[in-house]
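**Q** Sequence plus the predicted model coming up.
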Amino acid sequence: QKEVEQNSGPLSVPEGAIASLNCTYSDRVSQSFFWYRQYSGKSPELIMSIYSNGDKEDGRFTAQLNKASQYVSLLIRDSQPSDSATYLCAVNPHYNQGGKLIFGQGTELSVKP
Amino acid sequence: EAQVTQNPRYLITVTGKKLTVTCSQNMNHEYMSWYRQDPGLGLRQIYYSMNVEVTDKGDVPEGYKVSRKEKRNFPLILESPSPNQTSLYFCASSSRDPGWSNSDTQYFGPGTRLTVL
């Protein structure tokens, strides 16, 4: 089993809809979780971090973490064509193991006008 | 302007010819990392560094070396490149441990596309 898994997609949603991106991880002691966005041909950029169970909202983005079920998700409300990108989930696999990150393979999101 | 720079941006080389990809940041960040990105595999961490002279292996360190002699620079060295190292490489830096970062504390370089023939 991969340490961090995502559906590779592509996930296609109409403009204005909610896009739901999911990620599961295998290391139960993981403490911190991240969502990166990568536009085609560009570098990844960190858009959300979440450390506690529950929801964390930032504008149109909501990250959800459920440590018991070992999944983290990203919801994008009112999806826009400009949200079309690949979304990468990342996990810090061990508490206090500074600097290490494990990424999923990414989910390609396409928002259709 | 705060930035991470990588050189070269594109490189085509042949098997066995030693090469170095440079990475430099101007933000006085302590943490720096190297990643490779391959289709269907996402980003995989090669090496990371928590400060000068402190480095550790990521998930795919085989065939790579790094050094951190100065805070701003973190070069990636391929002593004897092979075709399976053909990839897109990213350098990243952050003021905090990237495992505990926020979006305003981490930066990626523009990427280096390496082809090994």
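**A** Sure, I can see it.

**Q** going forward, measure contacts between C-alpha atoms and count neighbours the same way
**A** OK.

**Q** So A:V91 is in contact with A:T24, correct?
**A** No: A:V91 lies out of contact with A:T24 (Cα atoms under 8 Å); the separation is 9.7 Å.

**Q** Are there residues contacting both of those two? Which ones?
**A** Contact criterion Cα atoms under 8 Å, 6 or more residues apart in numbering or on different chains; residues shared by A:V91 and A:T24: A:V4.

**Q** Compare neighbour counts for those two and give me the winner.
**A** In this view A:V91 and A:T24 are compared by other Cα atoms under 10 Å in any protein chain shown, and A:V91 has more residues nearby, 29 against 23.

**Q** Need the nearest residue in space to the more buried one, chain neighbours excluded.
**A** Of all residues not flanking A:V91 in the chain, A:F33 sits nearest, at 4.7 Å (Cα to Cα, 6 or more residues apart in numbering or on different chains).

**Q** For the one you found, grab the count of nearby residues.
**A** Residues near A:F33, counting by other Cα under 10 Å: 29.

**Q** Sheet-wise, list the partners of the host helix or strand of it with their directions.
**A** Secondary structure from DSSP states H and E places A:F33 in strand A:32-38. If you go by DSSP bridges, strand A:32-38 pairs up with strand A:45-50 (antiparallel), strand A:85-92 (antiparallel).

**Q** for A:L88, what are its contacts?
**A** Contacts of A:L88 by Cα under 8 Å, 6+ apart are A:W35, A:Y36, A:R37, A:Q38, A:F103, A:G104, A:Q105, A:G106, A:T107, B:G42.

**Q** Nearest to A:S20, out of these: which one, please.
**A** Proximity of the contacts of A:L88 to A:S20 was ranked by Cα to Cα; the top entry is A:T107 with 10.3 Å.

**Q** Enumerate the residues of chain B near chain A.
**A** Listed as neighbours of chain A in chain B under the rule Cα under 8 Å from any Cα of the partner chain: B:31-33, B:40-45, B:48-50, B:58-59, B:90, B:97-103, B:106-111.

**Q** Buried subset of these as a PyMOL selection?
**A** Command for PyMOL that selects the buried part of those, burial taken from 16 or more other Cα atoms under 10 Å in any protein chain shown:
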select buried, chain B and resi 31+32+33+42+43+44+45+48+49+50+58+90+97+98+99+100+101+102+103+106+107+108+109+110+111
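
**Q** quick one: secondary structure of the closest residue to chain B within chain A?
**A** Among the residues of chain A, A:Q105 lies closest to chain B, at 3.7 Å counting by Cα to the nearest Cα. Secondary structure assignment for A:Q105 (DSSP: H, G, I helix; E, B strand; the rest coil): coil.

**Q** So what does it look like in phi/psi?
**A** With angles defined as degrees, to the nearest 10, A:Q105 sits at phi -80, psi -10.

**Q** who's in contact with the closest residue to it other than its chain neighbours?
**A** Distances taken as Cα to Cα, 6+ apart place B:G42 nearest to A:Q105, at 3.7 Å, with adjacent residues excluded. Residues counted as contacts of B:G42 (Cα under 8 Å, 6+ apart) are A:L88, A:F103, A:G104, A:Q105, A:G106.

**Q** now for those, which pair is the farthest apart?
**A** Across these, the longest distance by Cα to Cα is 7.9 Å; it joins A:F103 and A:G106.

**Q** Quick check: neighbours shared by the two?
**A** With contacts taken as Cα under 8 Å, 6+ apart, A:F103 and A:G106 have A:L88, A:C89, B:G42 as neighbours in common.

**Q** Now render these as a markdown table, adding distance to B:P8.
**A** Shown next, in a markdown table, are these (distance: Cα to Cα, whole Å):
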| residue | distance to B:P8 |
| --- | --- |
| A:L88 | 25 |
| A:C89 | 28 |
| B:G42 | 22 |
